[in-house]
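**Q** Everything below, folded, please.
(4 chains)
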Protein chains: 4
Amino acid sequence: MNTTRLEAFSDAVIAIVMTIMVLELKVPHGTDLASLRPVLPTFLGYLLSFVYLGIYWNNHHHMLHATRKVNGGILWANLNLLFWLSLFPFATAWVGENHIESTPVAIYGCVLLMAAISYTILQTAIVKHDSHANALLADAIGSDLKGKVSLAFYAASIPIAFLSSWISIGLFVLVALIWLIPDPRIEKKLSE
Amino acid sequence: MNTTRLEAFSDAVIAIVMTIMVLELKVPHGTDLASLRPVLPTFLGYLLSFVYLGIYWNNHHHMLHATRKVNGGILWANLNLLFWLSLFPFATAWVGENHIESTPVAIYGCVLLMAAISYTILQTAIVKHDSHANALLADAIGSDLKGKVSLAFYAASIPIAFLSSWISIGLFVLVALIWLIPDPRIEKKLSE
Amino acid sequence: MNTTRLEAFSDAVIAIVMTIMVLELKVPHGTDLASLRPVLPTFLGYLLSFVYLGIYWNNHHHMLHATRKVNGGILWANLNLLFWLSLFPFATAWVGENHIESTPVAIYGCVLLMAAISYTILQTAIVKHDSHANALLADAIGSDLKGKVSLAFYAASIPIAFLSSWISIGLFVLVALIWLIPDPRIEKKLSE
Amino acid sequence: MNTTRLEAFSDAVIAIVMTIMVLELKVPHGTDLASLRPVLPTFLGYLLSFVYLGIYWNNHHHMLHATRKVNGGILWANLNLLFWLSLFPFATAWVGENHIESTPVAIYGCVLLMAAISYTILQTAIVKHDSHANALLADAIGSDLKGKVSLAFYAASIPIAFLSSWISIGLFVLVALIWLIPDPRIEKKLSE
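**A** So this is what the prediction gives:
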């Protein structure tokens, strides 16, 4: 199996996950601006999850671009990643509909953590199997401080949510910004 | 990254957004023609949003067809556009389920405005980064009266909705017609 | 614009329409076989609409396979077809949830009729614009008894639904069978 | 028709079916861990169905990879398979929302059985029509103990569900593991 179909399938799943999240934005019953307020947390959660899925799509593309061939293990590592990404709409909606309470925020952190672990597993499987990807990605992975910081922040966000869900959400936003901002100085510091 | 995967991903998101809007057409409880009446505003809103998404898909394709390479900025400008397009089902349903009231119509205008601004940002990012696209698109963009009129009409539709939501809707239909009708005289006048 | 992106986009929309119809199969509250009975009409309607969408996908592919280039008119004729196909889930659910009553069945017939007319418009636009498609398709279209019979049966099904919705449904099934069964004798008779 | 479009269309449908299942994970009303408990059966059912769809996607790809040309019969055999796969969300939700009762579990077994039969029909149609696929696949199919065991287990799970739905679910998990685990000794034993 070449990577084309794997990429196309992953793209389709990520595009669907991104888009069906908007179905969780329930149409308000009222017709004034105030009636939008209950939708606001879900909207902001949708925005955050959309950004996360965009980051995954982007990184996933770069990784598979360096990959020449896939085997059964890579295929299932990829499906495992897609499974956890597909839980974003559920976790987002649970946080958004409940005024940012501790347990939903902790579960959102769990889903982020599991997706990040799944991504790491996929990366490892690809580097082990494909010498081309190994040559291109091994260095980047060895010093992948950005990835390690993300994993640590996701893991920390879960217990922290029971102290203050806002700090956990701050961690989620921070990790998203680390991946989004292309400032080379930040990237250099993080990858040292 | 080449443009193929960016195009395929954008197509998937636009196709899904277009199609899940139909899920907002709630099946009527009655079984006579009169029971279709409450669905009519949502149906017409669906038609209008479908046409808008078709216009975006068409223009997006032409722009990316002229583009040879993309960078991180273009990728995120594209995801930003897709984010605002993904809000069409929500805005359409809110207008359709509430007898064309002012606030929902104004929010629909906001979503159209944000999508148009996002498209302009994407266009600018592409022309700046890609000399091939620059050569092909710069002239068209410089004299892009059609795009500028659209932005002005979307912006105007927001306050106007609080005077008369019907005038705002008239503006939405007018902008859609400007993009739809391929009459070269209108195009020439608009691009003078 | 070449046909590849048009085909890919149409495929995506048809795949989504086919699949979201299953969301109209509401999970029964009971847990015995009898509680499946209210779902049965929607299930059979889903099956029929699935077959129709499969026929459209198949014919659409054959037509675009013969096409070399598309213009704005073809693009919008194609979006018009996709719009009517996207109403299948709504029409199917309305028929299925209401014990096959006259008005929903007539509306289902209207949607089938509009989709068939839209297909004919698309076909005409392609044959006019593209000489390659013209050479390949013009003969088949000239003697397209199958298409004409379908249009007539859809049109007839609308008033007939108010006499007996079962006769209309019989017509829908008959047209689907005409397109499905590859028996060359039937095809020859129909195309004489 | 070549296999590219057939593959792309099947991928799209499978990706959508996989992903819309998550819409059946209803957001809990409470905000503590206990309120996740009612969602747990649906979540586990989602996981199982996701794995099954992954197995089908994987096998489907390998089979079509060996195929050079398709005809109308293969096309409809493929749509038939996609139809049964599209019922996974419905069957999964019915089992998950009802504490693993007998009838829903039996219906889930029926859907698995019909999907497996449809896959066998598709396989047979491809091997009959395409000499290239025949050369590559005929041996594998002749000694397809894995496929035959699966069919027998699905068929057995239907009556067994009325004795104990847990045994049926055990059979579903067992079949999934048979396909998942790439242990060559198991594969060898099964294919002897």
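**Q** max-length helix in chain A?
**A** Longest helix in chain A, counting residues (DSSP state H): helix A:102-129.
**Q** List the buried residues for that one?
**A** For helix A:102-129, a neighbour-count test (16 or more other Cβ atoms under 10 Å in any protein chain shown) marks A:102-123, A:125-127, A:129 as buried. C-beta coordinates here come from the backbone N, C-alpha and C atoms, glycine included.
**Q** Now do that helix: distance to the chain's middle.
**A** 8 Å (Cα atoms, centre = their mean, to the nearest Å).
**Q** Could you list every helix and strand that that helix packs against?
**A** Identification of packing neighbours for helix A:102-129 by 3 or more Cβ pairs under 8 Å, 6 or more residues apart in numbering or on different chains; DSSP states H and E yields helix A:40-65, helix A:72-85, helix A:88-96, helix A:131-142, helix A:145-160, helix A:165-180.
**Q** Report the residue spans of chain A with pLDDT below the cut-off.
**A** Across chain A, the ranges flagged by pLDDT under 70 are A:1, A:139-143, A:182-192.
**Q** interface residues of it facing chain D?
**A** In this structure, chain A approaches chain D at residues A:1, A:5, A:8-9, A:12-13, A:16-17, A:20, A:23-24, A:72-73, A:75-76, A:79, A:82-83, A:86-87, A:89-90, A:93-94, A:97-98, A:101-104, A:107, judged by Cβ under 8 Å from any Cβ of the partner chain.
**Q** Relative to residue A:18, how far out is the most centrally placed residue in chain A?
**A** Taking Cα atoms, centre = their mean, the centroid of chain A lies closest to residue A:52, which sits 4.3 Å from it. Distance check for residue A:52 against residue A:18: by Cβ to Cβ, to the nearest Å, it reads 10 Å.
**Q** cool, and residue A:28?
**A** 22 Å.
**Q** and the helices and strands packed on helix A:102-129, which is most packed in?
**A** helix A:88-96 (a mean of 26; mean count of other Cβ atoms under 10 Å in any protein chain shown).
**Q** which residues are contacting it?
**A** Helix A:88-96 is contacted by residues A:17, A:20-21, A:23-24, A:41-46, A:48-49, A:52-53, A:101, A:104-105, A:107-108, A:110-111, A:115, D:22-23, D:25, D:27-28, D:31 when judged by Cβ atoms under 8 Å, 6 or more residues apart in numbering or on different chains.
**Q** give the contact list for residue A:80.
**A** Neighbours of residue A:80 in contact, by Cβ under 8 Å, 6+ apart: A:118, A:121-122.
**Q** Dump those to TSV, plus distance to residue C:174.
**A** As requested, the contacts of residue A:80 are exported to TSV (distance: Cβ to Cβ, whole Å):
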residue	distance to residue C:174
A:118	50
A:121	53
A:122	50
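**Q** if we can go back for a sec, among residue A:28 and residue A:18, which residue is more densely surrounded?
**A** With neighbours defined as other Cβ atoms under 10 Å in any protein chain shown, residue A:28 and residue A:18 compare such that residue A:18 has more, 29 against 20.
**Q** how about the helix or strand harbouring that one, does it reach chain B?
**A** Following DSSP states H and E, one finds residue A:18 within helix A:3-20. Yes - using Cβ under 8 Å from any Cβ, helix A:3-20 reaches chain B at A:7-8, A:11-12, A:14-16, A:18-20.
**Q** who wins for most neighbours among these?
**A** Of all the residues of helix A:3-20 next to chain B, the most densely surrounded is residue A:18 (29 neighbours; neighbours counted as other Cβ under 10 Å).
**Q** what residues are up against that one?
**A** Contacts of residue A:18 by Cβ under 8 Å, 6+ apart are A:50, A:53-54, B:13, B:82, B:86.
**Q** could you redo the last one with a cut-off of 7 Å?
**A** Going by Cβ atoms under 7 Å, 6 or more residues apart in numbering or on different chains, residue A:18 touches A:50, A:53, B:13.
**Q** which one of these is nearest chain C?
**A** Among the contacts of residue A:18, residue B:13 lies closest to chain C (Cβ to the nearest Cβ), at 9.7 Å.
**Q** What separation do you get for the closest one and chain D?
**A** 13 Å (Cβ to the nearest Cβ, to the nearest Å).
**Q** Quick check: that residue touching residue A:15?
**A** Yes - counting by Cβ atoms under 7 Å, residue B:13 does reach residue A:15; the two are 4.9 Å apart.
**Q** hang on, the earlier thing: tell me the contacts of the residue nearest to the residue nearest to the centre of chain A when sequence neighbours are not counted?
**A** Spatial nearest neighbour of residue A:52, excluding adjacent residues (Cβ to Cβ, 6 or more residues apart in numbering or on different chains): residue A:176 at 6.2 Å. Counting by Cβ under 7 Å, 6+ apart, residue A:176 touches A:48, A:51-52, A:55.
**Q** will you turn these into JSON lines that also has distance to residue C:167?
**A** Listed next are those as JSON lines, based on distance: Cβ to Cβ, whole Å:
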{"residue": "A:48", "distance to residue C:167": "54"}
{"residue": "A:51", "distance to residue C:167": "54"}
{"residue": "A:52", "distance to residue C:167": "54"}
{"residue": "A:55", "distance to residue C:167": "56"}
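**Q** of these, closest to residue D:159?
**A** The nearest member of these to residue D:159, counting by Cβ to Cβ, is residue A:52 at 45.6 Å.
**Q** Please report the distance of that closest one from residue B:97.
**A** 30 Å.
**Q** now swap in residue A:86 and tell me
**A** 28 Å.
**Q** Over to residue A:27. Which of the three states is it?
**A** coil (DSSP: H, G, I helix; E, B strand; the rest coil).
**Q** Am I right that it is in contact with residue B:87?
**A** No - using Cβ under 7 Å, residue A:27 makes no contact with residue B:87, being 11.9 Å away.
**Q** give me every residue that touches residue A:78.
**A** A:6, A:10, A:122.
**Q** The same query, at a cut-off of 6 Å, please.
**A** residue A:122 (Cβ atoms under 6 Å, 6 or more residues apart in numbering or on different chains).
**Q** swap in residue A:162?
**A** residue A:102.
**Q** Likewise for the one 3 residues further on?
**A** If you count contacts by Cβ under 6 Å, 6+ apart, residue A:165 has them with A:100, A:102, A:105.
**Q** go again using 7 Å as the cut-off
**A** A:100-102, A:105.
**Q** Would you check how far apart the residue lying closest to residue A:107 once chain neighbours are set aside and residue A:29 are?
**A** Nearest residue to residue A:107, sequence neighbours excluded (Cβ to Cβ, 6+ apart): residue A:91, at 5.6 Å. Residue A:91 sits 25 Å away from residue A:29, going by Cβ to Cβ.
**Q** do the same with residue A:167
**A** 33 Å.
**Q** sorry, back to before: mind checking how far the residue nearest to residue A:52 is from residue B:70?
**A** Taking Cβ to Cβ, one finds residue A:176 at 21 Å from residue B:70.
**Q** do residue A:47 as well
**A** According to Cβ to Cβ, residue A:47 stands 22 Å off from residue B:70.
**Q** Residue A:14 now?
**A** 17 Å.
**Q** One more: residue A:15?
**A** For residue A:15, the distance to residue B:70 - Cβ to Cβ - is 17 Å.
**Q** swap in residue A:24?
**A** With distances taken as Cβ to Cβ, residue A:24 is found 30 Å from residue B:70.
**Q** Ok, residue A:12 next?
**A** Taking Cβ to Cβ, one finds residue A:12 at 20 Å from residue B:70.
**Q** do the same with residue A:60
**A** 16 Å.
**Q** likewise residue A:153?
**A** 29 Å.
**Q** Next: residue A:75.
**A** 27 Å.
**Q** what does residue A:132 give?
**A** 22 Å.
**Q** Alright, I will stop here.
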